[in-house]
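S.K.: Any chance you can model this:
(one chain, ligands or ions: 1)
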Amino acid sequence: MVEKTFIPEGVEPPASQIGATIEALVGTIAARREAGAESYTHRLLSEGEDSVLKKVAEEATEVVLAAKDIECCMLVAQESAESSAIAMGQDEDAVCAELPAEYYEAVDHLRYEAADVVYHLLVVLERYGIGIDEFAAELNSRMADGERPSGGILLHDEYIQRGK
Ligand SMILES: N=c1c2ncn([C@@H]3O[C@H](COP(=O)(O)OP(=O)(O)OP(=O)(O)O)[C@@H](O)[C@H]3O)c2ncn1[C@@H]1O[C@H](COP(=O)(O)O)[C@@H](O)[C@H]1O
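M.R.: The predicted structure follows:
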């Protein structure tokens, strides 16, 4: 925990799968500060900022394209199912399209690109000294009380500077 954050008194911090994964990756990324140039992460942390910042933008675009591929597969499958229904004299509004293998490949691709975005984003946070708990506090501080995980870390008010 850093001075900017706190956990409400008397509550246990939560445990979760994705939390453990992100924490392990964040630890690896931080440790790569001391690695050599053979480490891709080290290069992103130590070279000019454009390398990692461009990578975040590029990977985010790839997420968009991967999601669009999924949409395209769904549309093609639906249109094909509707055409078949019409040809067979069935109600085209009642058809349920069978999704092709390409759809599942596109979903896998989206997951892959999403992981690329998260990794590069975590490198950016490390580069600019934003700890993972501080980042969690940013997300938690946006949540309503009933929505936030029990024991979720929060930002002290003076560190909430939205839109500045
Ligand atoms: N999670 C990652 C990770 N995700 C993506 N990348 C790299 O990010 C780069 C992405 O570049 P590209 O987009 O050109 O390549 P791509 O992802 O193959 O292809 P597309 O995205 O274009 O489809 C590749 O070089 C990947 O290896 C990562 N490199 C490292 N890590 C983690 O960081 C640790 C330390 O890595 P090193 O610094 O290399 O030791 C690793 O053990 C991993 O846990």
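
S.K.: Nearest residue to residue 16 in space, please, no chain neighbours.
M.R.: residue 149 (7.9 Å; CB to CB, 6 or more residues apart in numbering). C-beta here means a position set from N, CA and C on the backbone, and glycine is covered the same way.

S.K.: where do the strands sit along this structure?
M.R.: 5-6, 154-155 (DSSP state E).

S.K.: And for the closest residue to the ligand within the chain, the neighbour number?
M.R.: Relative to the ligand, the nearest point of the chain is residue 41 (3.1 Å; CB to the nearest ligand atom). Each residue near residue 41 was counted by other CB atoms under 10 Å, and the total is 21.

S.K.: I'd guessed it sits against residue 34; true?
M.R.: No. The pair residue 41 and residue 34 does not pass the contact test of CB atoms under 8 Å, sitting 10.9 Å apart.

S.K.: Buried residues in the longest helix seen in the chain, which are they?
M.R.: Counting residues, the longest helix found in the chain (DSSP state H) is helix 50-87. Buried residues in helix 50-87, counted by 16 or more other CB atoms under 10 Å: 52, 55-56, 59-60, 62-63, 66-67, 69-70, 73, 77, 81-82, 85.
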